[in-house]
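Student: Give me a 3D structure for the following:
(chains A and B)
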There are 2 protein chains.
Amino acid sequence: MYNYPDLKNLVDKAIINLSYNTEAEKLIDPVKYILSIGGKRLRPVLALMACNLFNDKIDEAIMPATGLEVFHNFTLVHDDIMDQAAVRRNFPTVHSKWGISQAVLSGDVMAFIANDCFLQVPPRCLLKVFKVFNKTAIEVCAGQQLDIDFEKAMIVTQEEHSRMIELKTAVLLAASVKIGAIIGGADDKDSELLYEFGRNLGLAFQIQDDLLDIYGDVKVFGKIPGGDIIANKKTFLLVKAMEIASGNQLKQLQELFAIKDFDPEIKVKTVIGLYDQLNIKAVTENLANDYINSATSLLDKIGVDKERKKELAQITNSLIGRNR
Amino acid sequence: MYNYPDLKNLVDKAIINLSYNTEAEKLIDPVKYILSIGGKRLRPVLALMACNLFNDKIDEAIMPATGLEVFHNFTLVHDDIMDQAAVRRNFPTVHSKWGISQAVLSGDVMAFIANDCFLQVPPRCLLKVFKVFNKTAIEVCAGQQLDIDFEKAMIVTQEEHSRMIELKTAVLLAASVKIGAIIGGADDKDSELLYEFGRNLGLAFQIQDDLLDIYGDVKVFGKIPGGDIIANKKTFLLVKAMEIASGNQLKQLQELFAIKDFDPEIKVKTVIGLYDQLNIKAVTENLANDYINSATSLLDKIGVDKERKKELAQITNSLIGRNR
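Tutor: Numbering: from 1, shown residues only, chains lettered A, B, ... in the order given. Modelled structure (predicted):
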């Protein structure tokens, strides 16, 4: 059984060894850059863990796992253009370093580099795996679209918001474990269970991320709280607060997110104050825990020994109380 | 045997019938738009003609042929962002209609819609066809990169320029006929001959396009001559002129393309005057004819009856003297 550091190591090596085989070096410099500035390699690690549930040999899953990471980074490069984000993982974003045109083009080539990785899936399951990947890629684009649409919308329901983060984030985690499982030899029932496991894990992850932006320990997470509030991001917390609030509290919230050029410090403080009055932290933690519990019970149902599931269980459990 | 209008009709129908299957409608509106504003459907038609060389049934090639058109339009949407082009085929470009973010994202999803089309290739040749497509997609990105690089470069050799248009334009035509041939059941020798045929055809097409921009009949092509000159585009004509010119002529050319905000009319007139002195039209026509002749002799070598080749021969011959 491989653990997280083992698998991250394998993925890092595969990324370094990607052969780009092109005479247009400037095209590839941003690709190497975005792939080199870290990240947890969560998607490929999940794929390899899922493969490892069913198979001691995981070699056949390494290239498609790498493809998932390349695809994920492709979305980051292009999302950062759309979000006009200057910084990613404490480094300048691709477009702020090389300009928008280069970020569009180098992003594009990553989509086809990801394809190349998937074309290395064993022929016996190539079509099945590629279909899962490609359906997911289209869904991720749709998730980003909804995110853009919701930024402009005044009212977003919790249901709409959940669907957006499902498409933008959760389905790729779901596809990662499903792809790993298929390559590892899982049957359809277990592959589907793992897809649902990954989807719930992804939703929990995103909600935890939204929580950490405000309630995370600065010493642990290295970020000053409230970035999402300053950026007017429609997080789960804000959507829920808008849903629960009424009267003066609702009016205050609406004003805080409608008026531009608010003093950031005051804005963060006031919004957190309102969240506290509305008990948003507890409501959000409860929802995250619901997703974690669903993920756990789905993992329990997979038809392999409990011992083999311990790495995936550990990732799931690490989400509980992650903000403390 | 199918002719061009038959095949264009089949492709147009397949494009209209594409099912997008997404809840993010705003994502797809620009996709439908760019696919609806025409174009010759040259790549899918070439693919279907190549299939039809070897097989009376072309059904299996229709979806991948459609994928080639979707991919081509994906590159147009993103290239227009990079080139800051406001108009394409006499219609507003996607980014000038919907903004850059939307053009990036709707372009992205087209790459995966193209994948979806290729996943419908018959399993017996799925991997082979997808590899040809994906290698080509990466090359097309590299071609666009070289085009961007060359815009900033003062001196570009004819060899470098030819390689750029080969990657940016010709390889996709080459891949189109090769993919059609593989699906039609061609052997490796004929598939390769067709690839080379398509590559030469693509180079001839691009050079003819460069010629038409200046020497095309306004009544026939509906464009005022010299658009490429005004846009400072490094066409074959300019690259060749820079290569042949010396002394005062070279100095004049360099100045005309270095100084911004030149009076467009005077610039076009002066550049054409210099091209005439340097005999650029004849030199360029000779090169285009060389490529057309190569394409013709490659087509001759394909191991099927001459009668079956007449549609591809007609496309090739239509390029001769296209500016008259």
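Student: contacts and neighbour counts: CA atoms only from here.
Tutor: Noted.
Student: Need the nearest residue in space to the most centrally placed residue in chain A, chain neighbours excluded.
Tutor: Per C-alpha atoms, centre = their mean, the C-alpha nearest to the average position across chain A is that of A:Thr169, at 4.2 Å. Nearest non-adjacent residue to A:Thr169, counting by C-alpha to C-alpha, 6 or more residues apart in numbering or on different chains: A:Gly202, 6.3 Å away.
Student: Next up, the contacts around the one you found.
Tutor: Going by C-alpha atoms under 8 Å, 6 or more residues apart in numbering or on different chains, A:Gly202 touches A:166, A:169-171, A:173-174.
Student: In contact with A:Val87, which residues?
Tutor: Here A:Val87 is in contact with A:Thr93 (C-alpha under 8 Å, 6+ apart).
Student: Quick check: the gap between it and chain B.
Tutor: Going from A:Val87 to chain B by C-alpha to the nearest C-alpha, to the nearest Å gives 18 Å.
Student: Next, the distance between the ends of stretch A:235-251.
Tutor: With C-alpha to C-alpha, to the nearest Å as the measure, the first residue of stretch A:235-251 is 18 Å from its last.
Student: Outside of that stretch itself, list whatever touches it.
Tutor: Contacts of stretch A:235-251 (C-alpha under 8 Å, 6+ apart): A:155-158, A:161-162, A:207, A:210-211, A:228, A:253, A:274-275, A:278, A:280-281, A:284.
Student: For whatever helix or strand A:Lys32 lives in, list every residue counted as buried.
Tutor: Under the criterion of DSSP states H and E, A:Lys32 resides in helix A:25-36. Residues of helix A:25-36 classed as buried by neighbour count (16 or more other C-alpha atoms under 10 Å in any protein chain shown): A:26-28, A:30-31, A:34-35.
Student: that older thread, among the contacts of stretch A:235-251, which lie within helices?
Tutor: If you go by DSSP state H, these have A:158, A:161-162, A:207, A:210-211, A:228, A:253, A:274-275, A:280-281, A:284 in helices.
Student: which residues touch A:Cys30?
Tutor: To be clear, residue A:30 is Pro; Cys isn't right here. If you count contacts by C-alpha under 8 Å, 6+ apart, then A:Pro30 has A:94, A:98, A:103, A:106 around it.
Student: residue contacts, the closest residue to the third one other than its chain neighbours?
Tutor: Distance criterion C-alpha to C-alpha, 6+ apart; nearest residue to A:Ala103, sequence neighbours excluded, is A:His95 at 5.0 Å. When the contact criterion is C-alpha under 8 Å, 6+ apart, the partners of A:His95 are A:77, A:80-81, A:86, A:101-103.
Student: Now with 10 Å, please.
Tutor: When contacts are counted by C-alpha atoms under 10 Å, 6 or more residues apart in numbering or on different chains, A:His95 touches A:30, A:77-78, A:80-81, A:84-87, A:101-104, A:106.
Student: Just those: which are in helices?
Tutor: Going by DSSP H, the helices hold A:30, A:77-78, A:80-81, A:101-104, A:106 from the contacts of A:His95.
Student: Need those in TSV (columns: pLDDT).
Tutor: Below are the ones in helices among the contacts of A:His95 laid out as TSV (pLDDT from 0 to 100):
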residue	pLDDT
A:Pro30	98
A:Val77	98
A:His78	98
A:Asp80	96
A:Ile81	97
A:Ser101	97
A:Gln102	98
A:Ala103	98
A:Val104	98
A:Ser106	98
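Student: So which of the residues you listed is the closest to chain B?
Tutor: Of all these, chain B sits closest to A:Ser101, with 4.9 Å by C-alpha to the nearest C-alpha.
Student: right, and that closest one touches B:Cys141 too?
Tutor: No: in this structure A:Ser101 lies outside contact range of B:Cys141 using C-alpha atoms under 10 Å: 12.0 Å.
Student: re the thing from before, return the two entries of the ones in helices among the contacts of stretch A:235-251 that lie farthest from one another.
Tutor: Using C-alpha to C-alpha, those span at most 21.8 Å, a distance reached by A:Ser162 and A:Leu274.
Student: Contact partners for A:Ser294?
Tutor: A:196-197, A:199-201, A:204, A:288, A:300.
Student: Same check on A:Glu139?
Tutor: So, once contact is read as C-alpha under 10 Å, 6+ apart, A:Glu139 ends up touching A:133, A:145, A:164, A:166-169, A:171-172, B:21-24, B:109.
Student: same question, A:Leu172
Tutor: So A:Leu172 contacts A:43, A:68, A:71-72, A:132-133, A:135-137, A:139-140, A:166, A:178, A:195, A:198-199, A:202 (C-alpha under 10 Å, 6+ apart).
Student: element containing it?
Tutor: A:Leu172 belongs to helix A:171-184 when assigned by DSSP H and E.
Student: ok, A:Lys267 - how many residues close by?
Tutor: By other C-alpha atoms under 10 Å in any protein chain shown, the residues close to A:Lys267 number 18.
Student: Verify the contact between A:Ala111 and A:Leu76 for me.
Tutor: No: at 11.7 Å, A:Ala111 does not count as touching A:Leu76 under the criterion of C-alpha under 10 Å.
Student: out of those two, which sits in the busier spot?
Tutor: Neighbour count, other C-alpha under 10 Å: between A:Ala111 and A:Leu76, A:Ala111 has more, with 25 against 18.
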